[in-house]
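Asker: predicted model and sequence follow; I will ask about them next.
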Amino acid sequence: MLDDEGHTADRLRSGEVLAAVTADPQPVQGCRTIALGALRYVACASPDFAARHFGEGVNAATLSKAPLLRFDRRDGVQARWASEAHGVVLEGPTHWIPSTYGFLDLARAGLAWGMQPLTLAEAHIVAGRLIELPPARRVDVKLYWTIARLPSAMVRRLTDAVRTAAARHLAQ
């Protein structure tokens, strides 16, 4: 099941799932929570989009009008970056894209700007297909593995695999 990491703990609490990667460090009854590291996000746009919407620079005025991407209605990463980097509340047209790769593809196509996981965007930035929006302030979202306390070898193997992948791909 795909959901914003800020809200997956709710699915654990309701019993919909037995394990989840979540941004919520709060313990869930009957589960254990393990810190994984942080997913680093970077504000990106295609060079063409940046030229069209940020020709006068990335600032409060241009950000408040520029189209943006959001994963879903609960996704606040773009708003967090805009507030911290430029002191602005985002009011531009919003495109809801509940697909990580779709989100990246639409930014590359010039539809809007958005916060991309650096692990996915970095190669596109290096190749010039995306540019990082100034002031190059990145947002880290701490992630946790929360899993039901089940005495199972399969659960232990799954947890080991998640921890190994997190150590390789997340900021520690």
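Answerer: Received, thanks.
Asker: can you give me the end-to-end distance of stretch 44-62?
Answerer: 14 Å (CA to CA, to the nearest Å).
Asker: residues of the longest strand along the chain that come out buried?
Answerer: When the chain is parsed with DSSP state E, its longest strand is strand 31-45. The neighbour-count check on strand 31-45 (16 or more other CB atoms under 10 Å) flags Cys31, Thr33, Leu36, Gly37, Ala38, Leu39, Arg40, Tyr41, Val42, Ala43, Cys44, Ala45 as buried. Bear in mind the C-beta positions are built from the backbone N, C-alpha and C, glycine included.
Asker: and what of stretch 70-84?
Answerer: Result for stretch 70-84 [16+ other CB under 10 Å]: buried residues Arg70, Phe71, Asp75, Gly76, Val77, Gln78, Trp81, Ala82.
Asker: which of those sit farthest apart?
Answerer: Phe71 and Ala82 (15.4 Å; CB to CB).
Asker: sorry, back to before: summarise which helices and strands the longest strand of the chain is packed against.
Answerer: helix 77-86, strand 114-117, helix 118-127, strand 131-132, strand 139-148, helix 153-169 (3 or more CB pairs under 8 Å, 6 or more residues apart in numbering; DSSP states H and E).
Asker: right, so the ones you listed: which one is the most enclosed?
Answerer: Using mean count of other CB atoms under 10 Å, the stretch among these with the largest mean neighbour count is strand 114-117, at a mean of 25.
Asker: which elements pack onto that one?
Answerer: By 3+ CB pairs under 8 Å, 6+ apart, strand 114-117 packs against strand 31-45, strand 68-70, helix 77-86, helix 100-108.
Asker: list the contacts of that strand.
Answerer: By CB atoms under 8 Å, 6 or more residues apart in numbering, the surrounding residues in contact with strand 114-117 are 39-45, 68-70, 77-78, 81, 97, 100, 103-104, 106-107, 130, 139.
Asker: which neighbours does it have in its sheet, and in what orientation?
Answerer: Strand 114-117 has the following sheet partners, assigned by DSSP bridges: strand 31-45 (antiparallel).
Asker: ok now the partner strand, how far from the chain's centre?
Answerer: When distances are taken as CA atoms, centre = their mean, to the nearest Å, strand 31-45 is centred 8 Å away from the chain's centroid.
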